[in-house]
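1. Fold the following for me, if possible:
(chains A and B)
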Amino acid sequence: MNHITIEAKGLTKKFGDKTVVNKIDLEIYKGECFGLLGPNGAGKSTTLRMMYGISHIQQGELFVLGMNAKTHARDVKTRIGVVPQNDGLDVDFSVLDNLLVYASYFQINFGTALERARHLLRIMKLDDVWQSPVEQLSGGMKRRLTIARSMINQPDLLFLDEPTTGLDPQARAFIWDLLRKFKADEKTLVLTTHYMEEAEQLCDRIGIMDRGSIIALGTPAELILRHAGKQVLEIGLKPEDIPYFSRKLTQDQYEFLPLENKIMLFLKDTNKPEKIMNIIPSQEIVFRPASLNDVFLRLAGYDLKD
Amino acid sequence: MNSATRIPTTLPERTLPKWGHGVKSVWRRNFLHFRYTFWVTLCWIFIEPLLFLLAIGYGIGNFVSDINGKGYIDFYFPALLTVTAFSVPFFESTYNYYSKLTYQKTYQTILMTPVGVSEILWGELLWGASKGLLSCFAVSIVARVLNIYHSWLIFPVFMILALIAFLGAASGLLFTTFAKNYDFFNYAISGFLLPMTFFSDTYFPINQFPSALQIIIHFFPLIHGVKAVRLLLDGTSSPTLYLSILVLLVFAFGLTRWAYVRFRRLTEH
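-> Presented below is the predicted three-dimensional model:
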């Protein structure tokens, strides 16, 4: 049992009549990076917020670090770090004071807090701006400061709600690197993201959420193999021709997904690409390995890149 | 209590918010921020009472022969102390705390840490009260220099001022929990704070008004504060003094509890 960090059973959340999180069952293991993927409004953030103890748990069970999150939220909070979607930095304070003030909420004494804050600012490459008001920081710097803040209490478990949304590629790569180092310390990471690349880069396991439920769960490779196969053929077509070719493919029992101006065909080992090209005469054919995005398209019918 | 249908099981079972380590952290956060503007604030809290005492105490007071056998300045000074004690925290816990509740998301961030809603509430109320007391301290120094009072009774008066300052913070916070935008505070100030400071036996005795108004004003906290401070500063230990203190305590209890229930509803999701 010791290796389970988070365990949810029948976790449910409603806002009025709307069910935002619907009977989620989930286990997250110690030392892994777990990613919740899904479109906006799928319930990722709400699920995360229940886990880090800021959203009231209406139904179901939730144990975090072996403690009941319903009754011991405060004890849970002493041992976790949180990077919320909106950084929530204290605009009344400078960079360093943001860390020190936050540390005081954990009853960390001033000397220790200062030592840790300096160390974190160095790692996050923020030591040059320690005196600046947070309002003056760039988006990437704010994010790094928020991550530094989440580590001030040396947490065993870190929650990150869309850690790199809105950041440029360099800032994103820097944060990915940091999170990998954090994970290497036997710590657990739980994050939400819209970015397939982020999920593939960082996550050991992924849960895909849609409309409040987890519709698929596994390692990226497992999910791709299970739901999209090994390879995908993208066949560009005129929209008016798509129903006709869809019928033909259905007759021959192919697995495919008709989109607006193309058909995506998920190839099994037994399928031969040449055969398909005989069925559909198209000039625009792309043959590529299957990806997480295909999984998502098949399961939820949305393109996550949107 | 009708909120029970909206948020089950989260209504506070306790009558008052719980105390904890976090109270100190929340108070200290405000103190650290206050230090950024300390010297500017310090100037103003001395200049303001000086202006009031000169313009109203001596300026207008010059045209008033005496009130209940006292000089006008002696009548006005306890009221100035009380109004300062109440309104400084009131301003703090309306505009500032509303920003923290909404745009700055300060409370949301604190709630990610082990500090709970109750501790935020206590920390904020006590901070507001502290600012009120600091201002009262400045008022009493200015008044001492102007030789307005010369009694050691100013020290016990500060105990009552602390209670009044706490009430000012709690009233302001309660308004904040009803606010939808900053304009709302126009009502809080023009509709509540200003009329109350005018009619609470502050600038003139209330007994020259119709008895209906005299009764109504007693449903508001400030007049009880003015009475208590005035009586204690005079060295009169009458039942009215104790009754006024009791009423202030009841107000403090009721408003804190009400503000807590509403504040909790706003910060928990």
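
2. Can you report how many residues neighbour residue A:257?
-> As a burial measure, residue A:257 scores 16 neighbours (other CB atoms under 10 Å in any protein chain shown). To be clear about C-beta, it is placed using only N, CA and C from the backbone, and glycine gets the same treatment.

3. From the chain's centroid, how far away is the host helix or strand of it?
-> Assigned by DSSP states H and E, residue A:257 falls within strand A:255-258. Strand A:255-258 sits 26 Å away from the centroid of its parent chain (CA atoms, centre = their mean, to the nearest Å).

4. bridging residues for the most centrally placed residue in chain A?
-> Taking CA atoms, centre = their mean, the centroid of chain A lies closest to residue A:192, which sits 2.5 Å from it. Beta bridges link residue A:192 to residue A:36, residue A:161, judged by DSSP bridges.

5. still on that earlier bit, quick check: mean pLDDT of the strand holding residue A:257?
-> The average pLDDT within strand A:255-258 is 88.

6. That strand - contacts with which helices or strands?
-> Using 3 or more CB pairs under 8 Å, 6 or more residues apart in numbering or on different chains; DSSP states H and E as the contact test, the elements touching strand A:255-258 are helix A:242-251, strand A:262-267.

7. CSV for the ones you listed, including mean neighbour count, mean pLDDT and distance to residue A:184?
-> CSV is the format used below for the helices and strands packed on strand A:255-258 (neighbours: other CB atoms under 10 Å in any protein chain shown; pLDDT from 0 to 100; distance: least, CB to CB, whole Å):
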stretch, mean neighbour count, mean pLDDT, distance to residue A:184
helix A:242-251, 13, 89, 46
strand A:262-267, 21, 89, 35
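
8. nearest to residue A:32, of the ones you listed?
-> strand A:262-267 (27.6 Å; CB to CB).

9. what does the helix or strand following the closest one rub up against?
-> Using DSSP H and E, the helix or strand that follows strand A:262-267 in sequence is helix A:273-279. In this structure, residues lying in contact with helix A:273-279 by CB atoms under 8 Å, 6 or more residues apart in numbering or on different chains are A:233, A:235, A:245, A:248, A:249, A:252, A:254, A:265, A:267, A:285, A:287.

10. so how far is residue B:32 from the first one?
-> Distance of residue A:233 to residue B:32, given as CB to CB, to the nearest Å: 62 Å.

11. which one of those two has more residues nearby?
-> More crowded of residue A:233 and residue B:32, by other CB under 10 Å: residue A:233, with 22 against 16.

12. Kindly list the main-chain dihedrals of the more buried one?
-> Phi and psi for residue A:233, reported as degrees, to the nearest 10, are phi -110, psi 120.

13. any idea how far the nearest residue to it once chain neighbours are set aside is from chain B?
-> Of all residues not flanking residue A:233 in the chain, residue A:265 sits nearest, at 4.3 Å (CB to CB, 6 or more residues apart in numbering or on different chains). The span separating residue A:265 from chain B equals 44 Å under the rule CB to the nearest CB, to the nearest Å.

14. Looking at strand pairing, list the partners for residue A:265.
-> residue A:233, residue A:256.

15. count of neighbours near the residue of the stretch 151-300 of chain A found nearest chain B?
-> Residue nearest to chain B within the stretch 151-300 of chain A: residue A:153 (8.0 Å; CB to the nearest CB). By the criterion of other CB under 10 Å, residue A:153 has 22 neighbours.

16. Do I have it right that it meets residue A:78?
-> Yes. Judged on CB atoms under 8 Å, residue A:153 makes contact with residue A:78 at a distance of 6.7 Å.

17. residues shared between the contacts of these two?
-> residue A:106.

18. what phi and what psi does the backbone show at residue B:102?
-> phi -110, psi -80.

19. Quick one: residues contacting the closest residue to residue B:61 other than its chain neighbours.
-> Distance criterion CB to CB, 6+ apart; nearest residue to residue B:61, sequence neighbours excluded, is residue B:72 at 3.3 Å. Residue B:72 makes contact with B:57, B:60, B:61, B:62, B:64, B:66 under the criterion CB under 8 Å, 6+ apart.

20. Out of those residues, which comes closest to chain A?
-> For those, the nearest to chain A is residue B:57 (35.7 Å; CB to the nearest CB).

21. That closest one falls within a helix, correct?
-> Yes. Using DSSP: H, G, I helix; E, B strand; the rest coil, the assignment for residue B:57 is a helix.

22. residues in contact with it?
-> B:72, B:73, B:76, B:77, B:80, B:148.

23. show me what contacts residue 150?
-> I went with chain A, as the question did not name one. A:81, A:82, A:83, A:158, A:159, A:160.

24. not what I meant, chain B
-> residue B:144.

25. and if you look at residue B:19?
-> With CB under 8 Å, 6+ apart, residue B:19 has these contacts: B:118, B:119, B:122.

26. Report the distance from stretch A:71-87 to the chain centre.
-> 17 Å.

27. For the chain, give me the ranges with low pLDDT.
-> Going with chain A. A:1-2, A:302-306 (pLDDT under 70).

28. Correction: the question concerned chain B.
-> Looking at chain B by pLDDT under 70, you get B:1-15.

29. who in it is up against chain A?
-> B:7-10, B:21-22, B:25, B:28-29, B:32-33, B:36, B:104-106, B:108-116, B:268-269 (CB under 8 Å from any CB of the partner chain).

30. and those, which of them are in helices?
-> Applying DSSP state H to the residues of chain B next to chain A, the entries found in helices are B:22, B:25, B:28, B:29, B:32, B:33, B:36, B:106, B:108, B:109, B:110.

31. could you flag which of those are buried?
-> Buried by 16 or more other CB atoms under 10 Å in any protein chain shown: B:22, B:25, B:29, B:32, B:33, B:106, B:108, B:109, B:110, out of those.

32. with the residues you listed in mind, which one is nearest to residue A:241?
-> residue B:108 (52.1 Å).

33. Provide the count of other residues in contact range of the residue nearest to that closest one when sequence neighbours are not counted.
-> Computed as CB to CB, 6+ apart, the closest residue to residue B:108 that is not its neighbour in sequence is residue A:88, at 5.9 Å. Here the number of neighbours of residue A:88 (other CB under 10 Å) works out to 22.

34. which helix of chain A spans the most residues?
-> Longest helix in chain A, counting by DSSP H: helix A:169-184.

35. Enumerate the positions of it that are buried.
-> Applying 16+ other CB under 10 Å to helix A:169-184 flags A:171, A:172, A:174, A:175, A:176, A:178, A:179, A:182, A:183 as buried.

36. Just list the residues touching residue B:31, thanks.
-> B:127, B:130.

37. swap in residue A:95?
-> Per CB under 8 Å, 6+ apart, neighbours of residue A:95: A:121, A:126, A:129, A:130, A:131, A:132, A:134, A:137, A:145.

38. returning to what we had before: need the contact partners of the longest helix of chain A.
-> Outside helix A:169-184, the residues touching it (CB under 8 Å, 6+ apart) are A:31-33, A:123-125, A:139-140, A:143-144, A:147, A:151, A:158, A:160, A:163-164, A:167, A:189, A:191, A:198, A:201-202.

39. Can you give the distance of that helix from its chain's centre?
-> The answer for helix A:169-184 is 14 Å, by CA atoms, centre = their mean.

40. roughly how far apart are residue B:178 and residue A:59?
-> 31 Å.

41. same thing with residue B:142?
-> As for residue B:142, its distance to residue A:59 is 60 Å (criterion: CB to CB).
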